[in-house]
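Engineer: sequence unknown, structure follows:
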């Protein structure tokens, strides 16, 4: 008995892609610098919003040692959102800097 000859079609384009360029992009450092400036502005804004969201109330005459504050939820929420966005931008700035300074591939 003979085994039937099966011919599989050759898959075109399923090999490893040709490297078109390295990850080293010095322009990414400029993007990281812009993001760091935005992080500074967002941290300042978060602190400003938090300060605006906390209101010192008048002390009670019988208990002057007690300190009362009123927290406005909308300003505190804006402050937390700005801080979170600043943290995400800081992580992305670190990623951009890591990609900007990578100088050679592993094949070299």
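Structural biologist: Everything's here; your move. Treat the numbers as computed from the prediction; the structure is a model and nothing was measured. Numbering: from 1, shown residues only.
Engineer: could I get the full set of strands for the chain?
Structural biologist: Assignment of strands within the chain using DSSP state E yields the ranges 54-56, 69-71.
Engineer: deepest in the core, which of the ones you listed is it.
Structural biologist: strand 54-56 (a mean of 11; mean count of other Cβ atoms under 10 Å). Any C-beta I mention is one placed from the backbone N, CA and C, and that applies to glycine too.
Engineer: now do that strand: which elements does it pack against?
Structural biologist: Other elements packing on strand 54-56 under the criterion 3 or more Cβ pairs under 8 Å, 6 or more residues apart in numbering; DSSP states H and E are strand 69-71.
Engineer: quick one: the strand it packs on to chain centroid distance?
Structural biologist: Offset of strand 69-71 from its chain centre (Cα atoms, centre = their mean, to the nearest Å): 31 Å.
Engineer: okay, buried residues for whichever helix in the chain runs longest please.
Structural biologist: What stands out as the longest helix in the chain, according to DSSP state H, is helix 73-101. Neighbour-count burial for helix 73-101 flags 75, 78-79, 82-83, 86, 89-90, 93, 96-97, 99-100 (criterion: 16 or more other Cβ atoms under 10 Å).
Engineer: and stretch 72-85, how far out from the chain's middle?
Structural biologist: Distance of stretch 72-85 from the chain centroid (Cα atoms, centre = their mean) equals 17 Å.
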